[in-house]
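Participant: Next come a sequence and a model predicted from it.
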Amino acid sequence: MSVLESSSKAINTFVEKILFVIGTVICVILFAQVVFRYAGASLGWSEEVSRHLLVAITFLGGTVAYKRASFIGLQGFGHRLGPVVQRIIVVGLQVLTLALFALIALFGTIYTIKAGQHTSSSLQIPMAIPFAVIPIAGVIFVIHVLADMARTLGGRNP
């Protein structure tokens, strides 16, 4: 296993643990919000934190879904044309996917930097903090795609 592939696997394992923690935190916050609202008080920050954490789950969860190959694939088309054409199609799709995720990382970084000038409504933190998950997820996607490309070009995954 190459350094790139082992890095991709280690990052994915770490992200899966982070997703579990974020999901647990969202459940606790929303449960506390219900209890406090029933008691006559409201946690003003709970909805904002939950929303930001849900966005983080969406982007980071996408990286795990990609790593686990849980997205819809186009394998049936390449199988009919032979292994050489199939490999060309797979590498072409990986290049397009790599370009897309690199653009997400690039524009996510630009957006995060611009968002640093704004603060959230209830927490009063720079919006760059919750938006930072976009470029982070983009970079993780890029690492996963590069690991897949290395495996494909190395002949281990047609």
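Facilitator: Cool, got the structure. Residues are numbered from 1 along each chain as shown.

Participant: make it CA atoms for all contacts and neighbour counts henceforth
Facilitator: Will do.

Participant: Could I get the buried residue list for stretch 91-107?
Facilitator: Buried residues in stretch 91-107, counted by 16 or more other CA atoms under 10 Å: 91, 94, 97-98, 101-106.

Participant: can you list contacts of that stretch?
Facilitator: 134-139, 141-142, 145-146, 148-149, 152-153 (CA atoms under 8 Å, 6 or more residues apart in numbering).

Participant: Check stretch 57-65 too.
Facilitator: The contact list for stretch 57-65 (CA under 8 Å, 6+ apart) reads 12, 15-16, 19, 22-23, 71, 133-134, 137, 140-141, 144.

Participant: Where does confidence bottom out across the residues you listed?
Facilitator: Within the contacts of stretch 57-65, residue 71 has the lowest pLDDT, namely 62.

Participant: just to revisit the earlier point, just checking, which of the buried residues of stretch 91-107 belong to helices?
Facilitator: Using DSSP state H to define helices, the subset of these located there is 91, 94, 97-98, 101-106.
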